[in-house]
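**Q** Below are the sequence and a predicted model for it; my questions follow.
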Amino acid sequence: MRRRLPLVLGAVGAVALAVVGVRAFLGLPGAGEVPHPYAARAVAAAYAHTTPNAVVSVTLDQRGFDTLGEEFVLLAAAIGTVLLLRRLAEEAHEDRPHDYGPEDVFEAVRLVGALLLPAALLVGGYVVLHGHLSPGGGFQGGTVLASGLYLAYLAADYRTLERLGPPGVLDTAEGVGALGYAAVGFAGLIGGSAYLANDLPHGVWNSLLSAGTVPVLNVAIGLEVGAAFVLVVAKFLEQALLVPREDGDDGGDRDATAGEGEH
Amino acid sequence: MTDWILGLLVLLTAATATVVVLTRDPARQAAVLSAYGLMLALTMVALAAPDVALSQIGVGTAAVPLIVILAVARCERAVRASQADRAGRVGRPGDSAGDDQERERS
């Protein structure tokens, strides 16, 4: 009897949700058919600030303050993860040398990773810098940049990842990105108008240096998001890979080959 | 024509989402989650939302499954280590080398 009650309650809830959901979906206007009052105004506002990508115009210009909040949500989440996954004193085993797991990678994987790493970094940078012109922006470009560094780990090992993105540099990049976004907002205040107002010159339609503050904000977000994703995944990698070495000789050899492979 | 593609993609998204729910092993679930994320991203492209699709691929298809797999690897290693520890103690009662190492470490 008691066991059945949650099931019944769950079933009633699921049926109710299905009925309401289907009714709501049937009431939606078709995609791109009926002009939406907000969409019409948002596109006009994006056009007025010479931002071809109306989506980014909404997130970084017209509703830039909301994105500031999201930015700090991500920052808080990344800091929390790094804090939770730090190596505690009793986990450190200072008396024993440590190994970051095996680094025997197939040559094909190594080759593909080496070829894809610059491509990923280039695409990520492009997506960040062209966020106001084409689909993308700081968040999307930042995740692409971060995935480039994951490729470095796949193709080589944890130490290579650490060398490409030292934790200190990533920490700084994350902080500078988050602070940079807020600072651009204060620049609007100093310029004599509202916080995060898009008062920079709007430039020529569809050129790289246009849309006022939007590309600046995109670079700040790209820095923060890319750094945050690499930091968080690096912490998980550290937790998954860090093992006390079984015997010193084997680990020593591995270190030597890792050092040679780097050049 | 576009309606037909959109309908197919929505069905594929629903099907992969169901597979994610029905997969019980977390490591396998992460792989299926990645496929589901890709279907969701394609649906977003079909709905003319490439910005959201890019975010979805970056987070839902790459980062989240990777983090899940790393967390599973860490947990399984901890479980294996504790099992090996227990087996070593029970299997070789006379050999105290393992216990000495334990004392050294702590």
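**A** Nice, thanks for sending it over.

**Q** where along chain A do the strands fall?
**A** A:98-99, A:243-244 (DSSP state E).

**Q** lowest-confidence stretch among these?
**A** Here the strands of chain A differ in mean pLDDT, and the lowest is strand A:98-99 at a mean of 58.

**Q** wait, does the one helix or strand residue B:44 maps to contact chain A?
**A** Here residue B:44 sits within helix B:26-46, counting by DSSP states H and E. No: Helix B:26-46 stays clear of chain A (C-beta under 8 Å from any C-beta of the partner chain), getting no nearer than 9.1 Å. C-beta coordinates here come from the backbone N, C-alpha and C atoms, glycine included.

**Q** One more: stretch B:68-87?
**A** Yes: with C-beta under 8 Å from any C-beta as the criterion, chain A is reached by stretch B:68-87 at B:70, B:71, B:73, B:74, B:77.

**Q** List only those of those flagged as buried.
**A** Buried members of the residues of stretch B:68-87 next to chain A, scored by 16 or more other C-beta atoms under 10 Å in any protein chain shown, are B:70, B:71, B:73, B:74.

**Q** Kindly reformat the residues you listed as JSON lines containing distance to residue A:217.
**A** Shown next, in JSON lines, are those (distance: C-beta to C-beta, whole Å):
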{"residue": "B:70", "distance to residue A:217": "31"}
{"residue": "B:71", "distance to residue A:217": "32"}
{"residue": "B:73", "distance to residue A:217": "37"}
{"residue": "B:74", "distance to residue A:217": "36"}
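
**Q** Please identify which pair of these lies farthest apart.
**A** B:71 and B:73 (7.3 Å; C-beta to C-beta).

**Q** what do these two both touch?
**A** Shared contacts of residue B:71 and residue B:73 (C-beta atoms under 8 Å, 6 or more residues apart in numbering or on different chains): residue A:240.

**Q** Let me see the contact set for the closest residue to chain B within chain A.
**A** Residue nearest to chain B within chain A (C-beta to the nearest C-beta): residue A:143, separated by 2.8 Å. Residues in contact with residue A:143 (C-beta under 8 Å, 6+ apart) are A:124, A:225, A:226, A:229, B:54, B:55, B:58, B:59, B:62, B:63.

**Q** just residue A:146 next, same as before
**A** Here residue A:146 is in contact with A:124, A:225, A:226, A:229, A:230, A:233, B:58, B:63 (C-beta under 8 Å, 6+ apart).

**Q** what's around the spatially closest residue to it that is not a sequence neighbour, how many residues?
**A** Nearest residue to residue A:146 in three dimensions, chain neighbours excluded: residue A:229, at 3.5 Å (C-beta to C-beta, 6 or more residues apart in numbering or on different chains). By other C-beta atoms under 10 Å in any protein chain shown, 28 other residues sit near residue A:229.
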